[in-house]
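Colleague: dropping the sequence and predicted coords here.
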Amino acid sequence: MAVPVSQMWTVASYVLRQKLAGRERYPLVLMLEPLFRCNLACAGCGKIQYPAHILKKDLSPEQCFKAVDECGAPMVSIPGGEPLMHPQIAEIVEGLVARKKYIYLCTNALLLKEKIHLFKPSKYLTFSVHMDGQKEHHDFSVCREGGYEIAVEGIKAALARGFRVTTNTTLFDGADPNSVRAFFDEMMEVGVESMMLSPGYSYDKAPDQQHFLGRARTRRLFRAIFSNRKKSWRFNQSPLFVDFLMGKRHYSCTPWGMPTFNIFGWQKPCYLLQDGYADTYKELMETTVWNDYGTESGNPQCANCMVHCGYEPSAVNDTFSSIRGFMDTVRATLFSEYKDLGALELLNEQTHPVHSYNPLVQIKSDATQMEETNA
Ligand code: SF4
Ligand code: SF4
């Protein structure tokens, strides 16, 4: 099963409680960024370009717990930066497990094998490993030769100790759908619980601005990838969100569904944009002009966005908003093969993965430079 029943039940009962209480805007997942520094410097990253004095800062465990308690979301995703570089990450995770939050600790897994002994297996804790595809594609995407093997070793070490492990994959223009499908086979063979995919968002801070996907190309790529699915593949994302990526349904953005807290405070309006910060979760909800965001708003920053932090909460909300939404979800879960002859033809089209005509460049960020200086 892609997600344990206890987690499904926790999330479903939470959303139903919000609906019964008549809450129009509620958080589903807190995006908790305890630091921005990282031991990689991926070309599509929008987080590691801060100056060194910002990259050195960490949220304290107390700041993390306060944010989690204020927000009340049943799930907490811990991206970064690289959370395993936070000196108190084990304490933060322990505090969240004690609060019965379902945690997705997002890691590039370079330090996973070395630090796994700091954690205790729990149904509340999942390591969500950043894997951007098969070896060649992953290494190119994270600008690090050998990154794939190290990450797979980390995954195996965590699985061997009884941890829940999933993968998260960001796709950019030129991604080869056949290779992505082969990557699904590889990850299932390694034994991960399930996989999550999202198109990359064109952060204006990211060094590589050329290879982000537009909406039409996103739908075409995800139709090729997700149609004619193998039964063995397991995904940990809403089936209606996958439909959205494939162009089978339309959603408006729900930026408040995954609020972000980091060293600057509560980020307005979402994980991707930085239009100011609020001191409290309440202030974030009350002072953000939500209508200024989403594709329909005409905001150019949102024009090409189909990213999970904005649209997965829309899909989950749809599931619980009507009988039709619920039945669509049941149908998409039970009949997930999505036979599509046209999509099979898309798989025969020639692709030009970025790494096929570009050399692998290992980019140095302030974070990796800091690491080397401190070594
Ligand atoms: S692993 Fe890559 S994308 Fe993730 S924080 Fe580090 S540099 Fe950014
Ligand atoms: S459309 Fe994307 S960038 Fe815009 S608010 Fe929603 S999630 Fe953020």
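Modeller: Everything's here; your move. Ligands and ions are numbered 1, 2, ... in the order given.

Colleague: just checking, Tyr311 touches Cys253?
Modeller: Yes: judged on CB atoms under 8 Å, Tyr311 makes contact with Cys253 at a distance of 6.2 Å. To be clear about C-beta, it is placed using only N, CA and C from the backbone, and glycine gets the same treatment.

Colleague: what residues are up against the closest residue to ligand 2 within the stretch 201-350 of the chain?
Modeller: Residue nearest to ligand 2 within the stretch 201-350 of the chain: Gly310 (2.4 Å; CB to the nearest ligand atom). Counting by CB atoms under 8 Å, 6 or more residues apart in numbering, Gly310 makes contact with 253-255, 257-258, 270, 272, 294, 302.

Colleague: ok, of those residues, which one's closest to Ile116?
Modeller: Using CB to CB, Met258 is the member of the contacts of Gly310 that sits closest to Ile116, with 26.7 Å.

Colleague: before we move on, the earlier item: confirm that the residue of the stretch 201-350 of the chain closest to ligand 2 sits in a helix.
Modeller: Yes: assessed by DSSP: H, G, I helix; E, B strand; the rest coil, Gly310 belongs to a helix.

Colleague: return the distance of it relative to Pro255.
Modeller: Noted for Gly310: a distance of 6 Å to Pro255, by CB to CB, to the nearest Å.

Colleague: need the residues touching each of the two.
Modeller: 270, 294.

Colleague: where do the helices sit along the stretch 251-375 of the chain?
Modeller: Along the stretch 251-375 of the chain, the stretches classed as helices by DSSP state H, counting those that start in this stretch are 281-287, 308-319, 323-334, 341-348, 354-357, 366-374.

Colleague: among the ones you listed, which is nearest ligand 1?
Modeller: From the helices of the stretch 251-375 of the chain, taking CB to the nearest ligand atom, the stretch that ends up closest is helix 366-374, at 7.7 Å.

Colleague: state the mean pLDDT of that closest one.
Modeller: Average pLDDT, helix 366-374: 48.

Colleague: same question, stretch 265-277
Modeller: Mean pLDDT, stretch 265-277: 96.

Colleague: span of it from start to end?
Modeller: One end of stretch 265-277 sits 6 Å from the other (CA to CA, to the nearest Å).

Colleague: so does it get close to ligand 1?
Modeller: No: Stretch 265-277 does not reach ligand 1 (CB under 6 Å from any ligand atom); its nearest approach is 12.3 Å.

Colleague: let me see the contact set for Ala332.
Modeller: So Ala332 contacts 239-240, 242-243 (CB under 8 Å, 6+ apart).

Colleague: excluding residues flanking it in the chain, which one is nearest the residue of the stretch 201-350 of the chain closest to ligand 2?
Modeller: Cys253 (4.0 Å; CB to CB, 6 or more residues apart in numbering).

Colleague: I'd assumed Gln301 was in contact with that neighbour.
Modeller: No: contact between Cys253 and Gln301 fails when scored by CB under 8 Å: they sit 11.2 Å apart.

Colleague: out of those two, which sits in the more crowded spot?
Modeller: Counted by other CB atoms under 10 Å, Cys253 and Gln301 do not tie: Cys253 has more neighbours, with 24 against 17.

Colleague: pLDDT score for the more buried one?
Modeller: 96.

Colleague: any idea how far Asp292 lies from Pro313?
Modeller: 18 Å.

Colleague: looking at these two, which has the bigger crowd around it?
Modeller: For Asp292 versus Pro313, neighbours defined as other CB under 10 Å are more numerous around Pro313 (25 against 15).

Colleague: give me every residue that touches the residue lying closest to that one once chain neighbours are set aside.
Modeller: Spatial nearest neighbour of Pro313, chain neighbours left out: Gly257 (2.3 Å); criterion: CB to CB, 6+ apart. Neighbour list for Gly257: 26-29, 309-310, 312-314, 316-317 [criterion: CB under 8 Å, 6+ apart].

Colleague: pick the one among the residues you listed closest to Arg229.
Modeller: Glu312 (18.5 Å).

Colleague: just confirm the closest one contacts Phe235, I think it does.
Modeller: No: assessed by CB under 8 Å, Glu312 is found out of contact with Phe235, at 11.5 Å.

Colleague: who has more neighbours out of the two?
Modeller: Neighbours per residue, other CB under 10 Å: of Glu312 and Phe235, the larger number sits with Glu312, 25 against 19.

Colleague: what sits closest to the more buried one if chain neighbours are left out?
Modeller: In space, Glu312 is closest to Phe241, 4.6 Å off (CB to CB, 6+ apart).

Colleague: what residue in the stretch 51-200 of the chain comes nearest to ligand 1?
Modeller: Nearest residue of the stretch 51-200 of the chain to ligand 1: Asn108, at 3.9 Å (CB to the nearest ligand atom).

Colleague: returning to that earlier point: quick one, grab the pLDDT at the residue of the stretch 201-350 of the chain closest to ligand 2.
Modeller: Predicted confidence (pLDDT) at Gly310: the value is 95.

Colleague: ok, now how distant is it from Ser198?
Modeller: Taking CB to CB, one finds Gly310 at 10 Å from Ser198.

Colleague: what of Lys66?
Modeller: Distance from Lys66 to Ser198, by CB to CB: 28 Å.

Colleague: the two: which has the busier surroundings?
Modeller: Counted by other CB under 10 Å, Lys66 and Ser198 do not tie: Ser198 has more neighbours, with 20 against 15.

Colleague: host element of that one?
Modeller: For Ser198, the element it lies in under DSSP states H and E is strand 194-199.
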